[in-house]
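K.L.:
Here is the input, now give the coordinates:
(4 chains)
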Protein chains: 2
Amino acid sequence: MDTAETTPADVPGSSGSGPRRGSGRGRSRAGGRATASMADVARLAGVSSQTVSRVSNGYAGVNEETRRQVLAAMKELGYRPNSAARALKRGEFRTIGVITFSLATTGNVRTLEAIATSAAHEGYAVTLLPVAVPTQDEVRGAFSRLEELAVDAVIVIMEVHLLDASTITLPPHVQVVVVDSDAGDHYTVVDTDQAGGTRAAVRHLLDLGHETVWHLGGPEDSFAAQRRTDAWRTALTEAGRTPPPLVRGDWSAESGYRAGLDLAARDDCTAVFAANDQMALGLLRALHERGRRVPRDVSVIGFDDIPEATSFLPPLTTVHQDFAEVGRLCVDAVLRKMRQGGPERGTTLVPTRLVVRESTAPPPGGGGRG
Amino acid sequence: MDTAETTPADVPGSSGSGPRRGSGRGRSRAGGRATASMADVARLAGVSSQTVSRVSNGYAGVNEETRRQVLAAMKELGYRPNSAARALKRGEFRTIGVITFSLATTGNVRTLEAIATSAAHEGYAVTLLPVAVPTQDEVRGAFSRLEELAVDAVIVIMEVHLLDASTITLPPHVQVVVVDSDAGDHYTVVDTDQAGGTRAAVRHLLDLGHETVWHLGGPEDSFAAQRRTDAWRTALTEAGRTPPPLVRGDWSAESGYRAGLDLAARDDCTAVFAANDQMALGLLRALHERGRRVPRDVSVIGFDDIPEATSFLPPLTTVHQDFAEVGRLCVDAVLRKMRQGGPERGTTLVPTRLVVRESTAPPPGGGGRG
DNA sequence: CGCCGCGATGTTTACGCAAACATCGACCGC
DNA sequence: GCGGTCGATGTTTGCGTAAACATCGCGGCG
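P.N.:
Numbers count the residues shown, from 1 in each chain, chains lettered A, B, ... in the order given. Predicted structure coming up:
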């Protein structure tokens, strides 16, 4: 409407003057006019398309006056660079693929969010690739889909025995960074310092005077869970205590509840370290139902520090993980690898810290050594 | 006529054996060989690149023997179609962009997950576009970034007064579907039946004998929250009850806790409908701290049915939303719009249902009408 | 005074793929 | 047996962009 004066003929895209594409060529998708191309802009601005390209990419060596005209033409036509053509020409997509098995856990989601934000900041888009079932086949399938997909690099957020290098072929130029895995030897890995967090949690309980610490571990096939379990055992052993039998859940609150029912029945259980906050929640419920008060009778520590942890009954002492930092580092690492081309193996650890709230206290008997 | 004999000149695209790309032309990124193109495959298989294309796209009309040879050549060279070239040629990217403000709420995440899964199923990729701050500017920015991005359609998961049609320009061919918004008049909207769920919740409490139902609402700028609040008020009014003053939170458990502290102080408050489960969790804690037992003294209902709701103290009665279905329908709708080109306004509602657990009971006095 | 260099711009070309069209041989029916 | 047809394959072309190279005009300098 504001372009009322514009004579129909001098808006090129549509029939300009020559029989360019007027015939309905191009993709006149869905009844709408196709988008303007550089050539359209060039014609309107009275320059060559190469000059439009130069302006579009912010090159030096374009006369200020010319630049202004081109920009005006772009605006008038609503020109947007065609990213497919760009990608084809440049040989890169400016896109990072993220493969993830589940978005059910806080950690994965927060990491993903941070990745997306960091990537956007760097001018990269993020393509999400969900893997329905975490089987090797599925993962392999995801990777091969990803190859055809328009991505320059991949970040894998996943427990990964599934990531078997021998079965997965990636185009040589696609760099990979893995979160939360044991794949340290073959890949670049970014993770939180789970061992450190676990140690801090166990120490905290021991310092409060507990004889030992029980552990409600995560599923067997999770390396994160395994690492927490290992660290728990080590911390206990180092302190000269005997690790009680391991109790396992599957990350869900429900499984924590079931395990908690057992734990509640044992009088010698005065302190439990749960491998995540959800299970701690279920545990809390079980203990409550069985009349074991927290923290008076039993102390509980979680892992993750989900926002709701402050509202548990009682507010949960837990190990905080900085997922935002993990996401950021992933993007950094993968971009660095892309630019340098180097393999750059090894693991980057993001510190964790213990957040003490109200679910831990000295043991009932004569705790606190006094 | 096959590879070896091919005179350099007769395979134009890449000059047969000349200084093709070996010299580091093309994108010899990261030290690796560039990927094989159709022409490479064609040469190896001794066919034209068009035939390779036909095989690659599963066209009929290719001799079985030829097809086998082409497939073998593809395999040998590790050929992967270049999606940029494909997109350029076809004029579509096979990608759906998802704009979302936050991945902090269960609903958004679950919806996103379902979208990604459905999209993958349809052969579409999902590009994630996070919007840091939910201001109109930010949203507009996201949209314009999205335009340059390689997407054919957009799904917006967002509370959206921010989605002001007048300020947002989209390429005409990019279809939009909105989740969780009031934008019904201007956009295609998919949402859960929040009013229905709310009504069910209020009815349930009334049926148990409560005189009225208090409401812990979500933030003012959320339409989802607003709709739940409206429906609560309506349900109460229809039943001839007087809606008590509205109490507001911000979706977080912490805010539920704060509000709960107030609510706990009122003896006339025997039933609360919280606008989401997180706030209900905080509410539960506040009530517990103040010695008001749930459900004996006060009944509580949430909204969402997050997995942890079963492990609250007590297990939470709540309104279940089928986010997976929402995601699926979004993809369906947006794909349908793309193919038909139609505007197709209107709202699709996914049913919700009340899940009764242990946080609701007749009121303390002489509830249950007897 | 003609040539060089340089800044500004235009022209050509190729990225990889797939429609559109061309070709080519075999087989059919009359 | 010859035009027609059909299945299988090849050739040309162009999508929108940007690198590489070409051109053009101008001012300075030997």
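K.L.:
Could you use CA atoms for every contact and neighbour count after this?
P.N.:
OK.
K.L.:
from the middle of its chain, how far away would stretch A:345-365 be?
P.N.:
22 Å (C-alpha atoms, centre = their mean, to the nearest Å).
K.L.:
Pull it out as PDB, backbone CA atoms only.
P.N.:
Provided in PDB are the C-alpha atoms of stretch A:345-365 (Å, rounded to 0.1, in the frame of the first residue of the first chain):
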ATOM      1  CA  ARG A 345      39.600 -35.600  22.200                       C
ATOM      2  CA  GLY A 346      39.200 -35.400  25.900                       C
ATOM      3  CA  THR A 347      36.700 -34.400  28.500                       C
ATOM      4  CA  THR A 348      35.800 -31.000  29.800                       C
ATOM      5  CA  LEU A 349      34.300 -31.000  33.200                       C
ATOM      6  CA  VAL A 350      31.900 -28.400  34.500                       C
ATOM      7  CA  PRO A 351      32.000 -28.100  38.300                       C
ATOM      8  CA  THR A 352      29.100 -29.100  40.400                       C
ATOM      9  CA  ARG A 353      28.300 -27.900  43.900                       C
ATOM     10  CA  LEU A 354      26.400 -29.100  46.900                       C
ATOM     11  CA  VAL A 355      23.400 -27.100  47.800                       C
ATOM     12  CA  VAL A 356      22.500 -27.700  51.400                       C
ATOM     13  CA  ARG A 357      18.800 -27.300  52.300                       C
ATOM     14  CA  GLU A 358      16.700 -29.100  54.900                       C
ATOM     15  CA  SER A 359      16.700 -32.700  54.100                       C
ATOM     16  CA  THR A 360      20.000 -33.500  55.800                       C
ATOM     17  CA  ALA A 361      20.900 -33.500  59.500                       C
ATOM     18  CA  PRO A 362      22.900 -35.600  62.000                       C
ATOM     19  CA  PRO A 363      21.700 -39.100  62.500                       C
ATOM     20  CA  PRO A 364      19.000 -39.800  65.100                       C
ATOM     21  CA  GLY A 365      21.100 -41.800  67.700                       C
END
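K.L.:
Identify each buried residue in it, please.
P.N.:
A:347-348, A:350-356, A:358-363 (16 or more other C-alpha atoms under 10 Å in any protein chain shown).
K.L.:
swap in stretch A:293-312?
P.N.:
Buried-residue list, stretch A:293-312, by 16+ other C-alpha under 10 Å: A:293-295, A:297-306, A:308-312.
K.L.:
cool, stretch A:111-121 as well?
P.N.:
For stretch A:111-121, by 16+ other C-alpha under 10 Å, it's A:Thr111, A:Leu112, A:Glu113, A:Ala114, A:Ile115, A:Ala116, A:Thr117, A:Ser118, A:Ala119, A:Ala120.
K.L.:
and what of stretch A:205-223?
P.N.:
Applying 16+ other C-alpha under 10 Å to stretch A:205-223 flags A:205-206, A:208-219, A:222-223 as buried.
K.L.:
Which members of the residues you listed are the farthest-apart pair?
P.N.:
By the measure C-alpha to C-alpha, A:Gly209 and A:Ser222 form the most distant pair in the buried residues of stretch A:205-223, at 30.7 Å.
K.L.:
still on that earlier bit, which member of the buried residues of stretch A:345-365 is positioned nearest A:Gly256?
P.N.:
A:Ser359 (15.6 Å).
K.L.:
Surely the closest one forms part of a helix?
P.N.:
No - under DSSP: H, G, I helix; E, B strand; the rest coil, A:Ser359 sits outside any helix and is assigned coil.
K.L.:
roughly how far apart are it and A:Glu308?
P.N.:
Per C-alpha to C-alpha, to the nearest Å, A:Ser359 is found 14 Å from A:Glu308.
K.L.:
do the same with A:Tyr187
P.N.:
Distance from A:Tyr187 to A:Glu308, by C-alpha to C-alpha: 34 Å.
K.L.:
helices and strands around the helix or strand containing A:Arg328, which ones?
P.N.:
A:Arg328 belongs to helix A:323-340 when elements are defined using DSSP states H and E. Judged by 3 or more C-alpha pairs under 8 Å, 6 or more residues apart in numbering or on different chains; DSSP states H and E, helix A:323-340 is in contact with helix A:106-121, strand A:153-157, strand A:175-179, strand A:188-192.
K.L.:
Any part of the helix or strand bottoming out on mean pLDDT in chain A near DNA strand C?
P.N.:
Within chain A, no helix or strand scores below helix A:136-148, which has a mean of 72 by mean pLDDT, DSSP states H and E. No - between helix A:136-148 and DNA strand C, judged by C-alpha under 7 Å from any atom of the strand, nothing touches; the nearest distance is 9.3 Å.
K.L.:
Flag every buried residue along that helix.
P.N.:
Within helix A:136-148, the residues that count as buried by 16+ other C-alpha under 10 Å are A:Gln136, A:Glu138, A:Val139, A:Arg140, A:Ala142, A:Phe143, A:Ser144, A:Arg145, A:Leu146, A:Glu147.
K.L.:
And chain B, is stretch A:255-267 touching that?
P.N.:
Yes - with C-alpha under 8 Å from any C-alpha of the partner chain as the criterion, chain B is reached by stretch A:255-267 at A:Tyr257.
K.L.:
Fine by me, we can end here.
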